[in-house]
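Undergrad: Fold the following and give me the result.
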Amino acid sequence: MAEVVIVPSAAAAGVLVADEIAALIRRQPDAVLGLATGSTPLPVYEALRPRLTGIDVSRVRGFALDEYVGIDPHHPESYRSVITREVVEPLGLNPDLIHTPNGSLETIEHAGDDYDRAIADAGGIDLQILGIGTSGHIGFNEPGSSFASRTRVKTLIEQTREDNARFFDSIDDVPMHCITQGLGTILEARHLFLLAFGENKAAAVAGAVEGPVTASLPGSAIQLHPHVTVVVDEAAASQLQDADYYRYAFANKPDWQGL
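TA: Numbers count the residues shown, from 1 in each chain. Modelled structure (predicted):
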């Protein structure tokens, strides 16, 4: 099962995960990171910046989870722009080594295969950061997504478009389609970190960690992975039936196990 770590705040979660990423880069200077966007991973990137002081990050590689289809890569809300603004520039990463799926309409038919091939050519993702949507989606794998799915084009459900409308002038400006790493692609990463904060994520977290493994809640796919760390604040943990056990297990685990 996943290791569940309940922390007092999103900032505390950011420190926990940032420490793991910095340690990974020190051990492996050409580490491959799986990068998520949205508000959830921001505390990680903020905490990571000072932890990379004095560490050579020139060889760090990264792959974003997803991109909108048909959006101009220079649009401020394209995930290419978001990754550049929130990750590449603050952390001093080499932009040539950080990739997002190609959402161009001209090449969209084979863009998923191209992206999966690029990840494989890089040796696979060492550490993947994930958020979870209120519908239980990870990446843009909406309910009903196959656990064997690869990077592909998906149609966004209205709830997800409404959740993302805060980044645009209106919901009408949120693209209808995206290209996203599939659940099968995500599950090939060597270590998954799933983060969630706030009461509105509590039901999705409980379903992903303790519910049945079902395509109706894509986040439950993490139960199929051998190395998952779920980091949540108290509000997001509020519907976990075994929350006391998770706290006890984390407080008493051997130091050598790490995360």
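Undergrad: Now tell me what touches stretch 72-86 from outside.
TA: For stretch 72-86, contacts defined as CB atoms under 8 Å, 6 or more residues apart in numbering pick out 35, 37, 42, 45, 62, 64-68, 71, 95, 98, 100, 103, 167-168. Backbone N, C-alpha and C define where each C-beta goes, glycine included.
Undergrad: tell me how far that stretch is from the chain's mean position?
TA: 16 Å (CA atoms, centre = their mean, to the nearest Å).
Undergrad: Now it: buried residues?
TA: For stretch 72-86, a neighbour-count test (16 or more other CB atoms under 10 Å) marks E77, S78, Y79, R80, S81, V82, I83, T84, E86 as buried.
Undergrad: Surely the last one forms part of a strand?
TA: No: assigned with DSSP: H, G, I helix; E, B strand; the rest coil, E86 falls outside any strand and is helix.
Undergrad: Is it possible to mark the buried ones in the contacts of stretch 72-86?
TA: 35, 37, 45, 62, 64-68, 71, 98, 100, 103.
Undergrad: on that earlier part again, just put the buried residues of stretch 72-86 in JSON lines and tack on distance to S9 and pLDDT.
TA: As requested, the buried residues of stretch 72-86 are exported to JSON lines (distance: CB to CB, whole Å; pLDDT from 0 to 100):
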{"residue": "E77", "distance to S9": "27", "pLDDT": "89"}
{"residue": "S78", "distance to S9": "30", "pLDDT": "92"}
{"residue": "Y79", "distance to S9": "26", "pLDDT": "93"}
{"residue": "R80", "distance to S9": "30", "pLDDT": "95"}
{"residue": "S81", "distance to S9": "28", "pLDDT": "95"}
{"residue": "V82", "distance to S9": "23", "pLDDT": "94"}
{"residue": "I83", "distance to S9": "24", "pLDDT": "96"}
{"residue": "T84", "distance to S9": "27", "pLDDT": "97"}
{"residue": "E86", "distance to S9": "19", "pLDDT": "95"}
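Undergrad: Considering the residues you listed, which is situated nearest to F250?
TA: Closest approach to F250 among those (CB to CB): E86, at 28.2 Å.
Undergrad: From G62, how far out is that closest one?
TA: Going from E86 to G62 by CB to CB, to the nearest Å gives 12 Å.
Undergrad: likewise P101?
TA: 13 Å.
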